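In: sequence first, then the predicted structure:
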Amino acid sequence: MLARAGAWLDRAAFNPASLPDDLIVGIALIAPVAAGLIIFKLPAVEMLGAALAFGIGGQVIVHLLWRRQIARPQASPLIASVFGVALVGPAAPIAVTLAISALAVILEVVRARYVPAIRAQVGLLAYAVVALVTRGDPFSYVNPVTGHPFADPIGIWFHYFGPQAAPIDPVRLYVGNVPGPVFATSLLAIAIAIAWLAYARRLSLVVLAAFLLGAMVPIYLFHWDPVFQLDSGPTWFVAGLLLADRRLLPGSWAVRPVIGLMGGVLALGLRARGYGIEAAFFTVAGIQAATAVAAVIMWGVALTRERWQRNRRLKQREAQLRVVKGDISRAS
């Protein structure tokens, strides 16, 4: 046991790219989850418990359903559940957390079993679906100091301050002691997670740099304070941990910087319309949903073509057999 644990630690320290994908992402989530537990305390504990309960239940179901299959589909219901809950506000009803966790697990099982070609974090998609259906119930944030309901930093800036204002100390934003999603407020924790993904060779620096470049476009056009606008843990949570994840990106190298650039422009540009930090969530969810649809279409076209070619070969074989049987009959 000790030898095996030592081997795992050795791989994590010196060859993290050789670790399983889920373990790499799970290690990346440790820092944001720990920061959320420290900042939001009991609500964060309850929400994490719900996410883990549904996620572990999903893992057990996957194991029972596919234990006899030699080529087991790669499913990550636990990771999907935690990602979905990470973006929920601490003051949201517990039913919202349960709904997102359950939907994330279901979508991940369905994706892995029937459409493995989809490259998307279904936890984020589950969050977006529940947020749209409930008309914003997950956007329930609180002041970590008082525990009272309070708007997120971008919402406060848009409604009560001018374009060039920075109403919250950048250090507080960086540490994460501000209203926001339960496991995504601390930019410091997100930076640690992004650094780990980069070390494990799971991060696309091209996409991340393109996102930053795209984010600078609305900042320059609207004359915003760049430090305040970019000092946002939730924004970089979805940009670094989801949008720039190589496993979730299209295979085409030409498309990746375009995705990053478009994501940065929309994630920050929508703030001019009054959208808060949720603009980044829906932007990345929309991009991943669009790439998922494209992947499904291409997968369907390839499957249809393969079936057509197989049917054509079968018809040719039947025709050849009829010719051979006819020749044999005439020879007899």
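Out: Happy to help now that I have it. Numbers count the residues shown, from 1 in each chain.

In: for the rest of this, base every contact and every neighbour count on C-alpha atoms.
Out: Noted.

In: surely Gly263 touches Thr283?
Out: Yes - with contact defined as Cα atoms under 8 Å, Gly263 reaches Thr283; the gap is 6.3 Å.

In: of the two, which one has the most company?
Out: Gly263 (29 against 23; other Cα atoms under 10 Å).

In: anything in contact with each of Gly263 and Thr283?
Out: Common neighbours of Gly263 and Thr283, counting by Cα atoms under 8 Å, 6 or more residues apart in numbering, are absent.

In: got any ranges where the stretch 51-200 of the chain has weak pLDDT?
Out: Filtered on pLDDT under 70, the stretch 51-200 of the chain yields the residue ranges 69-73.

In: which stretches in it count as helices?
Out: Along the stretch 51-200 of the chain, the stretches classed as helices by DSSP state H, counting those that start in this stretch are 77-86, 94-114, 122-133, 153-160, 170-175, 187-199.

In: so which of those helices is the most packed in?
Out: helix 77-86 (a mean of 29; mean count of other Cα atoms under 10 Å).

In: of all the helices of the stretch 51-200 of the chain, which one is nearest Trp66?
Out: Closest to Trp66 of the helices of the stretch 51-200 of the chain, according to Cα to Cα: helix 94-114, at 9.4 Å.

In: got the angle for the closest one vs helix 122-133?
Out: 130 degrees (axes from the mean of the first three to the mean of the last three Cα atoms, to 10 degrees).

In: quick one: contacts for the spatially closest residue to Gly26 that is not a sequence neighbour?
Out: On the basis of Cα to Cα, 6 or more residues apart in numbering, the spatially nearest residue to Gly26 that is not a chain neighbour turns out to be Ile79, at 7.0 Å. Contact analysis of Ile79 by Cα under 8 Å, 6+ apart lists 22, 25-26, 55, 123.

In: who wins for neighbours among these?
Out: Neighbour max across these (other Cα under 10 Å) = Gly123, 31 neighbours.

In: pretty sure that residue contacts Ala80?
Out: Yes - assessed by Cα under 8 Å, Gly123 is found in contact with Ala80 at 4.3 Å.

In: what is in contact with the two at once?
Out: 101, 104-105, 108.

In: before we move on, the earlier item: now render the helices of the stretch 51-200 of the chain as a markdown table, adding distance to Ala44.
Out: Converted to a markdown table, the helices of the stretch 51-200 of the chain look like this (distance: least, Cα to Cα, whole Å):
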| stretch | distance to Ala44 |
| --- | --- |
| helix 77-86 | 9 |
| helix 94-114 | 11 |
| helix 122-133 | 17 |
| helix 153-160 | 19 |
| helix 170-175 | 17 |
| helix 187-199 | 15 |
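
In: so for Leu65, which of the ones you listed sits nearest?
Out: Across these (criterion: Cα to Cα), the nearest stretch is helix 94-114, sitting at 10.1 Å.

In: relative to helix 77-86, how tilted is the closest one?
Out: Going by the same axes, to 10 degrees, helix 94-114 makes 140 degrees with helix 77-86.

In: could you say what helices and strands helix 94-114 packs with?
Out: helix 42-66, helix 77-86, helix 122-133 (3 or more Cα pairs under 8 Å, 6 or more residues apart in numbering; DSSP states H and E).
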